[in-house]
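>>> Got a predicted model here, sequence first, then my questions.
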Amino acid sequence: MSSLISIEDAHQFILDQVDIAPSHTVSLEEVLGLTLRTEIISQQSSPLFDKSLMDGYAVRTVDLQGPTVSLKVLEMVSAGEVGEHRLGREETIQIMTGAPLPVGADAVIPVEMSERESGEPLVHLQTAGIDPEKNLIRKGTILQPGQKLLSSGRVIRPAEVALLAELGISEVDVSIEAVVSILATGDELVATGESLGPGQIRNSNAPMLMSQVQRAGGISRNIGIGRDQLDELLNKVTLGLEANFLLLSGGVSAGEKDLVPQVLKECGVREIFHKVHVKPGKPLWFGVLEKSTGEKTYVFGLPGNPVSSMLCFEVFVRPAIRQFLGQERVLPRMRKLPLSKAHVAAGGRPTYYPSQLVSQADGLAVEPVDWKGSSDLLAPTRADAWICFPAGNRKYSIGEIVDVYTPDW
Ligand code: AMP
Ligand code: MG
(Lines give C-alpha, C1' and ligand atoms only; values in the text may rest on other atoms or scores of the structure.)
(Ligands and ions follow the chains in the order given, each with its own letter.)
Protein backbone atom coordinates (compact mmCIF):
# COMPACT_ATOMS: atom_id res chain seq x y z
CA MET A 1 0.00 0.00 0.00
CA SER A 2 1.39 3.34 -1.00
CA SER A 3 0.24 5.09 2.22
CA LEU A 4 2.63 2.98 4.31
CA ILE A 5 5.99 4.60 4.98
CA SER A 6 9.24 2.63 5.09
CA ILE A 7 11.06 1.72 8.30
CA GLU A 8 13.85 4.13 7.31
CA ASP A 9 11.41 7.00 6.74
CA ALA A 10 9.69 6.26 10.04
CA HIS A 11 13.07 6.49 11.79
CA GLN A 12 13.82 9.76 10.07
CA PHE A 13 10.42 11.26 10.96
CA ILE A 14 10.89 10.24 14.60
CA LEU A 15 14.44 11.53 14.89
CA ASP A 16 13.49 14.83 13.22
CA GLN A 17 10.98 15.43 16.01
CA VAL A 18 12.73 14.35 19.19
CA ASP A 19 14.71 17.02 21.05
CA ILE A 20 17.55 16.19 23.42
CA ALA A 21 16.56 16.33 27.08
CA PRO A 22 18.12 18.73 29.58
CA SER A 23 20.98 17.48 31.73
CA HIS A 24 21.65 17.65 35.46
CA THR A 25 24.41 16.68 37.84
CA VAL A 26 24.31 13.45 39.80
CA SER A 27 26.75 11.70 42.11
CA LEU A 28 28.84 8.80 40.92
CA GLU A 29 26.78 6.34 42.99
CA GLU A 30 23.65 7.18 40.97
CA VAL A 31 25.16 7.30 37.52
CA LEU A 32 24.94 3.68 36.33
CA GLY A 33 22.82 3.32 33.18
CA LEU A 34 22.45 7.08 32.70
CA THR A 35 23.69 8.99 29.67
CA LEU A 36 26.78 11.14 30.03
CA ARG A 37 26.27 14.69 28.78
CA THR A 38 29.75 16.08 29.02
CA GLU A 39 33.15 15.20 27.65
CA ILE A 40 35.49 13.60 30.16
CA ILE A 41 39.08 14.79 29.82
CA SER A 42 41.75 13.30 32.04
CA GLN A 43 43.28 15.74 34.52
CA GLN A 44 45.96 13.26 35.52
CA SER A 45 48.21 10.42 34.44
CA SER A 46 47.45 6.78 35.02
CA PRO A 47 49.28 5.27 36.65
CA LEU A 48 50.22 8.30 38.71
CA PHE A 49 53.72 6.93 39.32
CA ASP A 50 55.95 4.11 38.08
CA LYS A 51 54.74 1.05 39.95
CA SER A 52 55.37 -2.63 40.49
CA LEU A 53 52.97 -5.17 38.99
CA MET A 54 54.29 -7.99 41.20
CA ASP A 55 55.25 -8.83 44.75
CA GLY A 56 59.02 -9.26 44.45
CA TYR A 57 62.32 -7.40 44.23
CA ALA A 58 62.98 -4.20 42.31
CA VAL A 59 66.30 -4.47 40.48
CA ARG A 60 68.61 -2.77 38.00
CA THR A 61 68.85 -5.18 35.06
CA VAL A 62 72.55 -4.22 34.59
CA ASP A 63 73.17 -6.10 37.84
CA LEU A 64 71.66 -9.34 36.51
CA GLN A 65 74.80 -11.10 35.26
CA GLY A 66 74.35 -14.90 35.16
CA PRO A 67 71.36 -17.17 35.93
CA THR A 68 71.27 -16.17 39.62
CA VAL A 69 72.52 -13.11 41.45
CA SER A 70 72.77 -12.19 45.11
CA LEU A 71 71.75 -8.61 45.88
CA LYS A 72 71.67 -6.57 49.06
CA VAL A 73 68.12 -5.75 50.27
CA LEU A 74 67.90 -2.08 51.30
CA GLU A 75 64.29 -1.93 52.52
CA MET A 76 60.76 -3.09 51.85
CA VAL A 77 58.13 -0.88 50.17
CA SER A 78 54.43 -1.78 50.32
CA ALA A 79 51.59 -0.28 48.26
CA GLY A 80 50.79 3.15 49.69
CA GLU A 81 54.36 3.74 50.90
CA VAL A 82 57.26 5.53 49.29
CA GLY A 83 60.73 4.04 49.77
CA GLU A 84 63.62 6.01 51.26
CA HIS A 85 66.40 4.65 49.07
CA ARG A 86 67.41 4.76 45.46
CA LEU A 87 68.96 1.61 44.02
CA GLY A 88 72.69 1.48 43.61
CA ARG A 89 75.00 -1.21 42.24
CA GLU A 90 74.01 -4.77 43.31
CA GLU A 91 71.24 -3.50 45.51
CA THR A 92 67.56 -4.41 45.56
CA ILE A 93 64.42 -3.27 47.34
CA GLN A 94 61.66 -5.67 48.28
CA ILE A 95 58.47 -4.35 46.74
CA MET A 96 54.75 -5.21 46.80
CA THR A 97 52.25 -5.03 43.96
CA GLY A 98 51.12 -1.45 43.42
CA ALA A 99 54.02 0.11 45.33
CA PRO A 100 55.99 2.96 43.72
CA LEU A 101 59.08 1.72 41.93
CA PRO A 102 62.35 2.84 43.60
CA VAL A 103 64.46 5.31 41.67
CA GLY A 104 67.05 3.44 39.64
CA ALA A 105 65.05 0.21 39.28
CA ASP A 106 64.08 -0.96 35.81
CA ALA A 107 62.52 -4.39 36.51
CA VAL A 108 60.90 -6.46 39.24
CA ILE A 109 61.79 -10.08 39.93
CA PRO A 110 58.76 -11.97 41.30
CA VAL A 111 59.04 -13.28 44.86
CA GLU A 112 58.60 -16.83 43.49
CA MET A 113 62.04 -16.44 41.81
CA SER A 114 63.74 -15.43 45.07
CA GLU A 115 65.33 -17.17 48.01
CA ARG A 116 66.17 -15.43 51.23
CA GLU A 117 66.87 -16.65 54.75
CA SER A 118 64.89 -14.64 57.25
CA GLY A 119 66.85 -11.71 58.59
CA GLU A 120 69.52 -12.13 55.90
CA PRO A 121 70.64 -8.92 54.17
CA LEU A 122 71.17 -10.78 50.86
CA VAL A 123 68.53 -12.21 48.56
CA HIS A 124 69.30 -14.80 45.83
CA LEU A 125 67.37 -14.08 42.66
CA GLN A 126 66.85 -16.05 39.45
CA THR A 127 67.24 -13.80 36.45
CA ALA A 128 65.72 -15.88 33.61
CA GLY A 129 63.42 -13.76 31.43
CA ILE A 130 63.91 -10.56 33.47
CA ASP A 131 64.47 -7.86 30.87
CA PRO A 132 64.28 -4.09 31.38
CA GLU A 133 60.69 -2.91 32.14
CA LYS A 134 59.55 -6.40 33.16
CA ASN A 135 56.76 -6.57 35.78
CA LEU A 136 56.30 -2.84 36.13
CA ILE A 137 54.20 -0.11 34.59
CA ARG A 138 55.43 3.45 33.99
CA LYS A 139 53.61 6.63 34.93
CA GLY A 140 51.17 7.71 32.19
CA THR A 141 51.23 4.43 30.25
CA ILE A 142 47.43 4.21 30.37
CA LEU A 143 46.33 7.85 30.49
CA GLN A 144 47.94 11.23 29.99
CA PRO A 145 46.67 14.55 31.35
CA GLY A 146 44.50 16.26 28.72
CA GLN A 147 43.55 13.01 27.06
CA LYS A 148 39.91 12.75 25.91
CA LEU A 149 38.39 9.68 27.54
CA LEU A 150 34.60 9.67 27.14
CA SER A 151 32.28 11.64 24.90
CA SER A 152 28.85 13.03 25.61
CA GLY A 153 26.22 10.41 24.81
CA ARG A 154 27.97 7.46 26.40
CA VAL A 155 25.70 5.20 28.45
CA ILE A 156 27.50 4.70 31.72
CA ARG A 157 28.36 1.09 32.55
CA PRO A 158 30.39 -0.27 35.47
CA ALA A 159 33.57 0.23 33.37
CA GLU A 160 32.87 3.96 32.98
CA VAL A 161 32.00 4.24 36.69
CA ALA A 162 35.39 2.75 37.55
CA LEU A 163 37.29 5.10 35.23
CA LEU A 164 35.46 8.16 36.61
CA ALA A 165 36.22 7.01 40.15
CA GLU A 166 39.92 6.54 39.34
CA LEU A 167 40.01 10.10 38.04
CA GLY A 168 38.42 11.42 41.23
CA ILE A 169 35.23 12.54 39.45
CA SER A 170 32.46 12.21 42.03
CA GLU A 171 29.73 14.15 40.20
CA VAL A 172 28.76 13.85 36.56
CA ASP A 173 26.48 15.68 34.12
CA VAL A 174 23.89 13.26 32.73
CA SER A 175 20.56 13.48 30.92
CA ILE A 176 17.45 13.70 33.07
CA GLU A 177 15.54 10.43 32.94
CA ALA A 178 12.83 9.89 30.34
CA VAL A 179 9.40 9.56 31.93
CA VAL A 180 7.19 7.28 29.86
CA SER A 181 3.45 6.82 30.45
CA ILE A 182 1.83 3.60 29.35
CA LEU A 183 -1.85 3.29 28.54
CA ALA A 184 -3.27 -0.01 27.31
CA THR A 185 -6.58 0.38 25.51
CA GLY A 186 -9.25 -2.23 24.88
CA ASP A 187 -12.66 -3.25 26.28
CA GLU A 188 -11.45 -6.85 26.48
CA LEU A 189 -8.54 -6.14 28.83
CA VAL A 190 -8.29 -7.18 32.46
CA ALA A 191 -5.36 -6.43 34.77
CA THR A 192 -3.10 -9.43 35.43
CA GLY A 193 -4.26 -10.01 39.01
CA GLU A 194 -8.00 -9.99 38.21
CA SER A 195 -10.24 -12.85 37.11
CA LEU A 196 -11.27 -13.18 33.47
CA GLY A 197 -14.85 -12.97 32.22
CA PRO A 198 -16.00 -14.45 28.91
CA GLY A 199 -14.10 -13.01 25.95
CA GLN A 200 -11.66 -11.14 28.16
CA ILE A 201 -7.86 -11.34 28.06
CA ARG A 202 -5.11 -10.13 30.35
CA ASN A 203 -3.33 -6.87 29.74
CA SER A 204 0.12 -8.23 28.99
CA ASN A 205 1.23 -5.16 27.05
CA ALA A 206 1.48 -2.81 30.01
CA PRO A 207 3.85 -4.96 32.10
CA MET A 208 5.83 -5.75 28.94
CA LEU A 209 6.18 -2.11 27.89
CA MET A 210 7.02 -1.05 31.43
CA SER A 211 9.89 -3.51 31.49
CA GLN A 212 11.04 -2.42 28.05
CA VAL A 213 11.01 1.20 29.23
CA GLN A 214 13.08 0.20 32.24
CA ARG A 215 15.60 -1.56 30.00
CA ALA A 216 15.78 1.56 27.83
CA GLY A 217 16.74 3.65 30.85
CA GLY A 218 13.35 5.30 31.28
CA ILE A 219 10.92 5.61 34.18
CA SER A 220 7.53 4.12 33.41
CA ARG A 221 4.18 5.36 34.68
CA ASN A 222 1.30 2.95 34.23
CA ILE A 223 -1.96 4.78 33.44
CA GLY A 224 -3.86 1.48 33.56
CA ILE A 225 -6.45 0.28 31.08
CA GLY A 226 -8.50 2.64 28.92
CA ARG A 227 -11.86 1.36 27.68
CA ASP A 228 -12.68 1.94 24.03
CA GLN A 229 -14.79 5.03 24.83
CA LEU A 230 -13.97 8.58 23.85
CA ASP A 231 -14.45 10.20 27.28
CA GLU A 232 -12.46 7.64 29.19
CA LEU A 233 -9.66 7.69 26.63
CA LEU A 234 -9.58 11.50 26.60
CA ASN A 235 -9.13 11.59 30.39
CA LYS A 236 -6.45 8.95 30.49
CA VAL A 237 -4.56 10.31 27.49
CA THR A 238 -4.56 13.76 29.12
CA LEU A 239 -2.99 12.22 32.20
CA GLY A 240 -0.44 10.33 30.11
CA LEU A 241 0.56 13.44 28.19
CA GLU A 242 2.21 14.87 31.31
CA ALA A 243 5.19 12.58 30.69
CA ASN A 244 7.98 12.96 28.10
CA PHE A 245 6.59 9.99 26.18
CA LEU A 246 3.15 8.43 26.03
CA LEU A 247 2.83 4.87 24.74
CA LEU A 248 -0.64 3.59 23.98
CA SER A 249 -1.31 0.03 22.95
CA GLY A 250 -4.26 -1.06 20.86
CA GLY A 251 -6.94 0.91 19.11
CA VAL A 252 -4.81 2.18 16.22
CA SER A 253 -6.02 -0.12 13.44
CA ALA A 254 -9.07 0.23 11.23
CA GLY A 255 -11.71 -1.24 13.57
CA GLU A 256 -14.92 0.48 14.70
CA LYS A 257 -13.51 0.93 18.19
CA ASP A 258 -10.03 2.00 17.17
CA LEU A 259 -10.40 5.46 18.67
CA VAL A 260 -6.80 6.23 19.56
CA PRO A 261 -5.82 8.44 16.56
CA GLN A 262 -9.02 10.48 16.97
CA VAL A 263 -8.53 10.92 20.72
CA LEU A 264 -4.92 11.96 20.29
CA LYS A 265 -5.88 14.57 17.71
CA GLU A 266 -8.55 15.92 20.07
CA CYS A 267 -5.86 16.26 22.74
CA GLY A 268 -3.77 18.39 20.39
CA VAL A 269 -1.23 15.74 19.47
CA ARG A 270 0.00 16.39 15.91
CA GLU A 271 0.14 13.25 13.79
CA ILE A 272 3.53 12.71 12.15
CA PHE A 273 2.77 9.34 10.59
CA HIS A 274 0.34 6.45 10.79
CA LYS A 275 1.20 3.01 9.43
CA VAL A 276 4.60 1.63 8.55
CA HIS A 277 5.64 -0.93 5.96
CA VAL A 278 6.77 -3.45 8.57
CA LYS A 279 5.58 -6.75 10.02
CA PRO A 280 4.58 -6.99 12.77
CA GLY A 281 3.61 -3.40 13.55
CA LYS A 282 1.88 -1.97 10.50
CA PRO A 283 -0.70 0.21 12.39
CA LEU A 284 2.00 2.14 14.32
CA TRP A 285 1.03 5.79 14.95
CA PHE A 286 3.44 8.56 15.93
CA GLY A 287 2.77 12.17 16.88
CA VAL A 288 3.96 15.08 18.99
CA LEU A 289 2.28 17.36 21.49
CA GLU A 290 3.89 20.78 21.82
CA LYS A 291 2.91 22.33 25.13
CA SER A 292 2.69 26.03 25.89
CA THR A 293 5.78 25.60 28.11
CA GLY A 294 7.78 24.64 25.03
CA GLU A 295 8.06 21.05 26.28
CA LYS A 296 7.00 18.22 24.05
CA THR A 297 5.42 14.83 24.59
CA TYR A 298 6.19 12.19 22.00
CA VAL A 299 3.28 9.83 21.48
CA PHE A 300 3.36 6.33 20.03
CA GLY A 301 0.16 4.43 19.30
CA LEU A 302 1.46 0.87 19.32
CA PRO A 303 -0.51 -2.02 17.82
CA GLY A 304 -2.47 -4.06 20.37
CA ASN A 305 -1.00 -7.40 19.38
CA PRO A 306 1.63 -8.11 21.99
CA VAL A 307 4.51 -9.10 19.72
CA SER A 308 3.79 -6.14 17.45
CA SER A 309 3.91 -3.80 20.42
CA MET A 310 7.11 -5.39 21.69
CA LEU A 311 8.82 -5.10 18.32
CA CYS A 312 7.60 -1.55 17.62
CA PHE A 313 8.96 -0.48 20.99
CA GLU A 314 12.39 -1.86 20.14
CA VAL A 315 12.56 -0.63 16.57
CA PHE A 316 10.82 2.76 16.86
CA VAL A 317 10.30 3.86 20.47
CA ARG A 318 13.72 2.96 21.74
CA PRO A 319 15.55 5.10 19.17
CA ALA A 320 13.31 8.00 20.18
CA ILE A 321 14.20 7.49 23.85
CA ARG A 322 17.89 7.19 22.95
CA GLN A 323 17.79 10.45 21.04
CA PHE A 324 15.90 12.15 23.90
CA LEU A 325 18.63 10.96 26.28
CA GLY A 326 21.31 12.29 23.94
CA GLN A 327 22.90 8.89 23.35
CA GLU A 328 25.76 8.28 20.89
CA ARG A 329 24.07 5.55 18.89
CA VAL A 330 20.38 5.88 18.33
CA LEU A 331 19.13 3.48 15.62
CA PRO A 332 18.83 -0.28 16.21
CA ARG A 333 22.17 -1.93 15.61
CA MET A 334 21.92 -4.54 12.87
CA ARG A 335 24.47 -7.18 12.06
CA LYS A 336 24.85 -9.79 9.39
CA LEU A 337 24.82 -13.48 10.34
CA PRO A 338 24.42 -16.75 8.44
CA LEU A 339 21.23 -18.77 8.85
CA SER A 340 21.70 -22.10 10.59
CA LYS A 341 18.34 -23.37 9.35
CA ALA A 342 16.47 -22.95 6.06
CA HIS A 343 13.49 -20.61 6.21
CA VAL A 344 10.58 -19.67 4.00
CA ALA A 345 9.75 -15.98 4.32
CA ALA A 346 6.33 -14.89 3.20
CA GLY A 347 4.64 -11.54 3.13
CA GLY A 348 4.49 -8.22 1.45
CA ARG A 349 6.31 -6.31 4.22
CA PRO A 350 9.82 -6.43 5.73
CA THR A 351 9.43 -8.86 8.63
CA TYR A 352 11.17 -8.98 11.97
CA TYR A 353 11.16 -12.65 12.96
CA PRO A 354 11.87 -13.84 16.53
CA SER A 355 15.12 -15.78 16.30
CA GLN A 356 17.81 -17.45 18.26
CA LEU A 357 21.57 -16.93 18.08
CA VAL A 358 23.40 -20.25 17.68
CA SER A 359 27.10 -20.91 18.29
CA GLN A 360 28.57 -23.04 15.56
CA ALA A 361 32.10 -24.37 15.04
CA ASP A 362 32.78 -21.60 12.50
CA GLY A 363 31.16 -18.81 14.48
CA LEU A 364 27.81 -17.32 15.37
CA ALA A 365 24.71 -18.05 13.28
CA VAL A 366 21.00 -17.38 13.67
CA GLU A 367 17.78 -19.31 13.22
CA PRO A 368 14.11 -18.36 13.35
CA VAL A 369 12.17 -19.87 16.28
CA ASP A 370 8.76 -21.45 15.85
CA TRP A 371 6.40 -18.45 15.74
CA LYS A 372 2.62 -18.44 15.42
CA GLY A 373 2.31 -14.70 14.74
CA SER A 374 1.87 -11.44 16.56
CA SER A 375 -0.16 -12.80 19.49
CA ASP A 376 2.39 -15.57 20.17
CA LEU A 377 4.24 -14.44 23.29
CA LEU A 378 5.96 -17.80 23.70
CA ALA A 379 8.20 -17.31 20.65
CA PRO A 380 10.01 -14.20 21.97
CA THR A 381 10.83 -16.03 25.22
CA ARG A 382 12.79 -18.51 23.09
CA ALA A 383 14.42 -15.76 21.07
CA ASP A 384 17.33 -13.43 21.71
CA ALA A 385 17.32 -11.73 18.32
CA TRP A 386 15.09 -10.73 15.43
CA ILE A 387 15.96 -11.55 11.83
CA CYS A 388 14.80 -8.83 9.47
CA PHE A 389 13.69 -10.47 6.23
CA PRO A 390 13.05 -8.12 3.32
CA ALA A 391 9.53 -7.98 1.85
CA GLY A 392 8.58 -10.80 -0.52
CA ASN A 393 8.06 -14.54 -0.66
CA ARG A 394 11.30 -16.42 -0.83
CA LYS A 395 13.13 -19.48 0.46
CA TYR A 396 16.32 -18.85 2.41
CA SER A 397 18.90 -21.63 2.59
CA ILE A 398 21.28 -22.61 5.36
CA GLY A 399 24.33 -20.36 5.36
CA GLU A 400 22.60 -17.44 3.67
CA ILE A 401 23.47 -14.09 5.27
CA VAL A 402 20.59 -12.23 6.91
CA ASP A 403 20.19 -8.95 8.81
CA VAL A 404 19.83 -9.47 12.55
CA TYR A 405 18.79 -7.13 15.33
CA THR A 406 19.86 -8.13 18.83
CA PRO A 407 18.10 -6.03 21.45
CA ASP A 408 20.14 -5.21 24.55
CA TRP A 409 17.68 -6.80 26.94
P1 AMP B 1 -6.22 -3.75 18.62
O2 AMP B 1 -4.96 -3.16 18.08
O3 AMP B 1 -6.84 -2.94 19.69
O4 AMP B 1 -7.18 -4.07 17.52
O5 AMP B 1 -5.81 -5.14 19.27
C6 AMP B 1 -5.23 -6.15 18.47
C7 AMP B 1 -5.16 -7.43 19.25
O8 AMP B 1 -4.30 -7.27 20.36
C9 AMP B 1 -6.49 -7.89 19.82
O10 AMP B 1 -6.55 -9.29 19.73
C11 AMP B 1 -6.43 -7.46 21.25
O12 AMP B 1 -7.23 -8.24 22.10
C13 AMP B 1 -4.95 -7.63 21.58
N14 AMP B 1 -4.53 -6.71 22.62
C15 AMP B 1 -4.80 -5.39 22.64
N16 AMP B 1 -4.28 -4.82 23.74
C17 AMP B 1 -3.66 -5.79 24.43
C18 AMP B 1 -2.95 -5.82 25.66
N19 AMP B 1 -2.78 -4.71 26.38
N20 AMP B 1 -2.46 -6.99 26.09
C21 AMP B 1 -2.65 -8.11 25.35
N22 AMP B 1 -3.31 -8.15 24.19
C23 AMP B 1 -3.83 -7.01 23.72
MG1 MG C 1 -8.57 -2.79 20.70
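Yep, that arrived. Residues are numbered from 1 along each chain as shown. Ligands and ions are numbered 1, 2, ... in the order given.
>>> Which strands or helices does the helix or strand harbouring L183 pack on?
In this assignment (DSSP states H and E), L183 forms part of strand 178-185. Taking 3 or more C-beta pairs under 8 Å, 6 or more residues apart in numbering; DSSP states H and E as contact, the helices and strands that strand 178-185 lies on are helix 205-215, strand 218-226, helix 230-240, strand 245-249, helix 318-324. In short, each C-beta sits where N, CA and C put it, glycine included.
>>> And the residue in the stretch 1-150 of the chain positioned nearest to ligand 2, how far from L302?
Closest approach between the stretch 1-150 of the chain and ligand 2, counting by C-beta to the ion: L4, at 20.3 Å. Between L4 and L302 the distance is 16 Å, computed by C-beta to C-beta, to the nearest Å.
>>> Those two: which has the busier surroundings?
Set L4 next to L302 and count neighbours by other C-beta atoms under 10 Å: L302 wins out with 30 against 17.
>>> and that one, how far is that from R227?
Taking C-beta to C-beta, one finds L302 at 18 Å from R227.
>>> Quick one: work out the angle between the strand holding L183 and strand 218-226.
Inter-element angle recorded for strand 178-185 and strand 218-226: 20 degrees (by axes from the mean of the first three to the mean of the last three C-alpha atoms, to 10 degrees).
>>> Could you report the neighbour count for G153?
18.
>>> That one contacts E328, doesn't it?
Yes: if you go by C-beta atoms under 8 Å, G153 and E328 touch, sitting 3.7 Å apart.
>>> Just say helix, strand or coil for the closest residue to L87 other than its chain neighbours.
The shortest distance from L87 to any non-neighbouring residue, by C-beta to C-beta, 6 or more residues apart in numbering, is to G104 (3.5 Å). Classification of G104 using DSSP: H, G, I helix; E, B strand; the rest coil returns coil.
>>> Can you give me the neighbour number for G104?
15.
>>> follow-up on the earlier one: what about the strand holding L183, near ligand 2?
No: judged by C-beta under 5 Å from the ion, strand 178-185 stays clear of ligand 2, getting no closer than 6.0 Å.
>>> Poorly predicted segments of the stretch 51-200 of the chain, please.
For the stretch 51-200 of the chain, no stretch is flagged by pLDDT under 70.
>>> Please work out which residue of it is closest to ligand 2.
G186 (3.9 Å).
>>> State the number of residues packed around the residue nearest to that residue when sequence neighbours are not counted.
Ranked by C-beta to C-beta, 6+ apart and with sequence neighbours excluded, the top spatial neighbour of G186 is G250, at 4.5 Å. If you count neighbours by other C-beta under 10 Å, G250 ends up with 29.
>>> what does the one 3 residues further on give?
Residues near S253, counting by other C-beta under 10 Å, number 17.
>>> tell me the contacts of the closest residue to it other than its chain neighbours?
With C-beta to C-beta, 6+ apart as the criterion, S253 has its nearest non-adjacent residue at 4.5 Å, and that residue is P283. Counting by C-beta atoms under 8 Å, 6 or more residues apart in numbering, P283 makes contact with V252, S253, A254, H274, K275, G301, P303, S308.
>>> Can you tell me which of those residues comes closest to ligand 2?
Distances from ligand 2 to those, taken by C-beta to the ion, are shortest for S253, at 7.6 Å.
>>> For the protein, which residue gets nearest to ligand 1?
G304 (2.4 Å; C-beta to the nearest ligand atom).
>>> and that residue, what pLDDT?
Per-residue pLDDT puts G304 at 97.
>>> excluding its backbone neighbours, what's nearest it?
Nearest to G304 is G250, by C-beta to C-beta, 6+ apart, at 3.2 Å.
>>> V366: neighbour count?
V366 has 27 nearby residues by other C-beta under 10 Å.
>>> And it, how far from ligand 2?
Using C-beta to the ion, to the nearest Å, V366 is found at 33 Å from ligand 2.
>>> in which helix or strand would I find that residue?
Under the assignment here (DSSP H and E), V366 is part of strand 363-368.
>>> buried stuff in that strand?
A365, V366, E367, P368 (16 or more other C-beta atoms under 10 Å).
>>> ditto for stretch 259-276
In stretch 259-276, counting by 16+ other C-beta under 10 Å, buried: L259, V260, P261, V263, L264, C267, V269, I272, F273, H274, K275, V276.
>>> Could you list which of those residues also contact ligand 2?
Answer for the buried residues of stretch 259-276 near ligand 2: none qualify (C-beta under 5 Å from the ion).
>>> Taking those, tell me the two that lie furthest apart.
The most widely separated members of the buried residues of stretch 259-276, counting by C-beta to C-beta, are C267 and V276 (22.1 Å).
>>> Contact distance from ligand 2 - what residues of this structure qualify?
Counting by C-beta under 5 Å from the ion, the chain sits next to ligand 2 at G186, G250, G251, G304.
>>> what's near enough to touch the residue nearest to V315 when sequence neighbours are not counted?
The shortest distance from V315 to any non-neighbouring residue, by C-beta to C-beta, 6+ apart, is to P332 (5.7 Å). Counting by C-beta under 8 Å, 6+ apart, P332 touches E314, V315, R318, P319, Y405, P407.
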